[in-house]
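Enquirer: no sequence on this one, just coordinates:
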């Protein structure tokens, strides 16, 4: 990993710098409880893969952390900004990828220049199709655009679904770079993701 | 936050302009409803003139209503609302921006053609200014109600019909004060009825964004995996 891990003490004193604390959280979809009580902690520079069968609540957990769904019990605390890329990628089909990205930056009060947007697009190999309306893009191309913005806790819902090997490697590289810069990643996935970054696994069990 | 608001407004204006067919359908609907009355009643000024203002108001309400279902649909579907919820831009301000842009795109053109359609119903030229002024305030209030309805029915099957049942009863004060403000008795523009219409608008301006935001707080895109 990158420079940020070297300046940090070993795992024993990590509790002082916990950035994400999930405390006794219970999640429900409609009237059905899917996670009765869940406790989990993450520190800066860590990656967690949320795994489990379909319906075990992976997406629900990510939505709860993103604040888009209220847990029925417990608390979730995160002291860094959150970036969430769900099944829906946040791209409006009628606009170009570049315009979508600029709008997203404006929405978040990020000072952007055309050069920085170009650099972000180039990192993902998305520069070639950034000016096409998103509705003309394939799923993999859309995914790459959606992953372009950089946040402190990345919540990724199946980030590699529908991507080819080259795109997967681009996503892995993006995640590794984000972790090296002291960011955190939590991804719901069925695929191995960023194996080089030493991901922790958070298995969810299906409740019937 | 201001950058976010400006971005949201610019984005909606761009998207609205790209999809201007939708706004034209609303405008066309407005025109068609009004045109049906002279065709049904016959070109008799004595019969058309008294109903001109109520007809224009009801047509404006129905046309506005037909445009409301789409206000948040695209943003929810593609996950943009998720991104707004996580951004520094508060959801109520987002809802207000949506309402403002929607009014500009759909109601403003109606105000422009309303005098023409009113002429078709034999309304006197002197009655045009109060009508357009009252319609301006009234459509703003309606749009704010529509934002509440759109947020509440977002994702519901048959949202359009549900929206009519939700919004139209709440719009009754707007219709009543609006019609009365459109026919000022003493010839002045600013009547007590116009002020009451303005009061309704101000109440909705304060409440609608908050109500819409709490309805949008847990909307969810379809999991299109």
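Expert: Nice, I can see it. Values in this document were obtained by computation on a predicted structure and should not be read as measured data. Residues are numbered from 1 along each chain as shown, chains lettered A, B, ... in the order given.
Enquirer: Up against chain B, what does chain A have?
Expert: Counting by C-beta under 8 Å from any C-beta of the partner chain, chain A comes close to chain B at A:59, A:63, A:66-70, A:82-95, A:99, A:103-104, A:106-109, A:158, A:161. For every residue, glycine as well, the C-beta is placed using N, CA and C.
Enquirer: which non-adjacent residue is nearest residue B:64?
Expert: residue B:142 (4.8 Å; C-beta to C-beta, 6 or more residues apart in numbering or on different chains).
Enquirer: Among the residues of chain A next to chain B, which ones are in strands?
Expert: A:82, A:83, A:84, A:85 (DSSP state E).
Enquirer: any chance of these in JSON lines, plus neighbour count and pLDDT?
Expert: Output for these, formatted as JSON lines (neighbours: other C-beta atoms under 10 Å in any protein chain shown; pLDDT from 0 to 100):
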{"residue": "A:82", "neighbour count": "18", "pLDDT": "82"}
{"residue": "A:83", "neighbour count": "23", "pLDDT": "81"}
{"residue": "A:84", "neighbour count": "23", "pLDDT": "84"}
{"residue": "A:85", "neighbour count": "25", "pLDDT": "81"}
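Enquirer: hmm, which two among these are most spread apart?
Expert: A:82 and A:85 (10.7 Å; C-beta to C-beta).
Enquirer: which residues are in contact with both of those two?
Expert: Counting by C-beta atoms under 8 Å, 6 or more residues apart in numbering or on different chains, the contacts common to residue A:82 and residue A:85 are residue A:155.
Enquirer: Grab the longest helix from chain A for me.
Expert: What stands out as the longest helix in chain A, according to DSSP state H, is helix A:165-180.
Enquirer: quick one: strands adjacent to the helix or strand just after that one?
Expert: Using DSSP states H and E, the next helix or strand after helix A:165-180 towards the C-terminus is strand A:184-188. In the sheet, strand A:184-188 lines up against strand A:47-51 (parallel), strand A:153-157 (parallel) (DSSP bridges).
Enquirer: orientation of the last one relative to helix A:165-180 in degrees?
Expert: Right, the one you point to is strand A:153-157. Angle of strand A:153-157 versus helix A:165-180, following axes from the mean of the first three to the mean of the last three C-alpha atoms, to 10 degrees, is 150 degrees.
Enquirer: do the first one as well
Expert: Strand A:47-51 and helix A:165-180 meet at an angle of 130 degrees, taking the same axes, to 10 degrees as the criterion.
Enquirer: which parts of chain B sit against chain A?
Expert: Counting by C-beta under 8 Å from any C-beta, chain B sits next to chain A at B:1, B:3-4, B:6-8, B:10-11, B:14-15, B:18-19, B:74-75, B:77-80, B:82-89, B:217-218, B:220-225.
Enquirer: one step back: go through the strands paired with strand A:184-188 and pick out the most buried.
Expert: Of all these, strand A:153-157 carries the top mean neighbour count, a mean of 25, counting by mean count of other C-beta atoms under 10 Å in any protein chain shown.
Enquirer: for that strand, what is the average pLDDT?
Expert: Strand A:153-157 shows a mean pLDDT of 84.
Enquirer: Now do that strand: everything it contacts.
Expert: A:19-20, A:58-59, A:62, A:65-66, A:78, A:80-87, A:147, A:175, A:178, A:183-189.
Enquirer: Can you say which of those residues are buried?
Expert: A:19-20, A:58-59, A:62, A:65-66, A:78, A:82-87, A:147, A:175, A:178, A:183-189 (16 or more other C-beta atoms under 10 Å in any protein chain shown).
Enquirer: ok so, going back, switch the ones in strands among the residues of chain A next to chain B over to JSON lines, and while doing so, append distance to residue B:68 to every line.
Expert: Formatted as JSON lines, those follow (distance: C-beta to C-beta, whole Å):
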{"residue": "A:82", "distance to residue B:68": "31"}
{"residue": "A:83", "distance to residue B:68": "31"}
{"residue": "A:84", "distance to residue B:68": "28"}
{"residue": "A:85", "distance to residue B:68": "29"}
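Enquirer: wait, which of these is closest to residue B:152?
Expert: The closest of those, once distances to residue B:152 are taken by C-beta to C-beta, is residue A:84, at 23.6 Å.
Enquirer: my guess is that closest one contacts residue B:82, does it?
Expert: Yes - if you go by C-beta atoms under 8 Å, residue A:84 and residue B:82 touch, sitting 5.8 Å apart.
Enquirer: Would you mind listing the residues touching both of the two?
Expert: Counting by C-beta under 8 Å, 6+ apart, the residues touching both residue A:84 and residue B:82 are A:66, A:68.
Enquirer: Fine by me, thanks again.
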